[in-house]
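Asker: Kindly generate the corresponding structure for this input.
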Amino acid sequence: MVCVITGDIINSTKKGTKTWLKSLKKELNRIGESPKIWEIYRGDSFQALISHPDNALLTAIRIKAALKLVNADARMALGIGKRSYNAAKITESNGTAFVHSGEKFEMLKKEKQNLCIKSDWPEFDKEMNLYLKLSLIAMDNWTVNAAEVVKIAIENPGKSQEALGQFMGIKQNAVSNRLKRAYYEEIMEVNEMYSIKLKRQK
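Answerer: Model prediction:
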């Protein structure tokens with residue numbers, strides 16, 4: 001079981017490519033090497049393979065935060081399933097995870113939701129996509145400051161707000177306020193629920 005993230009940059013023609021490309025590549029490089037694990041194609045579209053689906057939603061949230069940090073954003077579809085053909089390039093690999101991701105990605109604009117999941121389990125998808133729809137009320141409106149604190153908090157799990165503040169050069173209470181405005185705790189609860197429910201499906 002793997003997860004495939006298929007995405008594109010929202011309104012990429014209105015954003016300078018240099019604005020978001022460096023940030024996106026940096027986040028994708030955390031996942032693995034291109035082009036086997038990730039690839040950017042058609043200028044503003046990308047696909048990434050997450051070998052452990054438990055980590056897929058948090059990866060997508062981190063990508064979103066990284067893009068928001070440079071005033072960009074992405075639509076992303078998470079497809080959970082099997083990889084039946086492993087090619088040298090991810091865009092040439094195949095399996096139900098790729099099919100689910102591609103099919104859901106094509107529906108994102110119509111559904112007016114920038115982050116969705118599709119798997120072999122319709123009830124799991126229905127519940128998680130509702131949680132994501134509510135979470136996106138916050139995530140789609142992250143400011144640069146909110147995106148920065150979310151990204152750093154995800155990258156430094158277990159660190160205190162005081163330690164995060166020292167890293168960012170701001171006070172602990174400023175970190176606390178930014179995390180609250182980003183609804184970080186609630187979004188992490190959604191991620192935890194995703195992991196718990198996913199494990200029940202396996």
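
Asker: in the protein, which helix or strand is least confident?
Answerer: helix 17-31 (a mean of 91; mean pLDDT, DSSP states H and E).

Asker: Export that helix to CSV, keeping only CA atoms.
Answerer: Taking Å, rounded to 0.1, in the frame of the first residue of the first chain, the C-alpha atoms of helix 17-31 are listed here in CSV:
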residue,chain,number,x,y,z
THR,A,17,7.7,30.5,-11.2
LYS,A,18,10.7,31.4,-9.1
THR,A,19,8.3,32.3,-6.3
TRP,A,20,7.1,28.7,-5.7
LEU,A,21,9.4,26.3,-7.7
LYS,A,22,12.3,26.4,-5.2
SER,A,23,10.0,25.8,-2.2
LEU,A,24,8.1,23.0,-3.9
LYS,A,25,11.3,21.2,-5.0
LYS,A,26,12.8,21.5,-1.5
GLU,A,27,9.7,19.8,0.0
LEU,A,28,9.6,17.1,-2.7
ASN,A,29,13.3,16.4,-2.1
ARG,A,30,12.5,15.5,1.5
ILE,A,31,10.4,12.6,0.1
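
Asker: buried ones in it?
Answerer: Applying a neighbour-count criterion of 16 or more other Cβ atoms under 10 Å, the buried positions in helix 17-31 are 20-21, 23-24, 27-28, 31. All C-beta spots, glycine's among them, are computed from the backbone N, C-alpha and C.

Asker: Repeat that for stretch 86-100.
Answerer: 90, 93, 95-100.

Asker: Let's see the distance spanning it from one end to the other.
Answerer: Taking Cα to Cα, to the nearest Å, the first and last residues of stretch 86-100 lie 16 Å apart.

Asker: can you give me the strands for the chain?
Answerer: 2-9, 38-41, 45-50, 74-81, 115-118 (DSSP state E).

Asker: between the ones you listed, which one is nearest to residue 167?
Answerer: strand 74-81 (25.2 Å; Cβ to Cβ).

Asker: Packing partners of the closest one?
Answerer: strand 2-9, helix 56-68, helix 96-111, strand 115-118 (3 or more Cβ pairs under 8 Å, 6 or more residues apart in numbering; DSSP states H and E).

Asker: who does it pair up with?
Answerer: As defined by DSSP bridges, the strand partners of strand 74-81 come to strand 2-9 (antiparallel), strand 115-118 (parallel).

Asker: could you redo these as JSON lines and give each row mean neighbour count?
Answerer: Shown next, in JSON lines, are the strands paired with strand 74-81 (neighbours: other Cβ atoms under 10 Å):
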{"stretch": "strand 2-9", "mean neighbour count": "24"}
{"stretch": "strand 115-118", "mean neighbour count": "25"}
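
Asker: what's the closest of the ones you listed to residue 35?
Answerer: Across the strands paired with strand 74-81, residue 35 has its closest neighbour in strand 2-9 (13.9 Å, Cβ to Cβ).

Asker: pLDDT of the closest one, averaged?
Answerer: What strand 2-9 shows for mean pLDDT is 97.

Asker: Okay then, goodbye and thanks.
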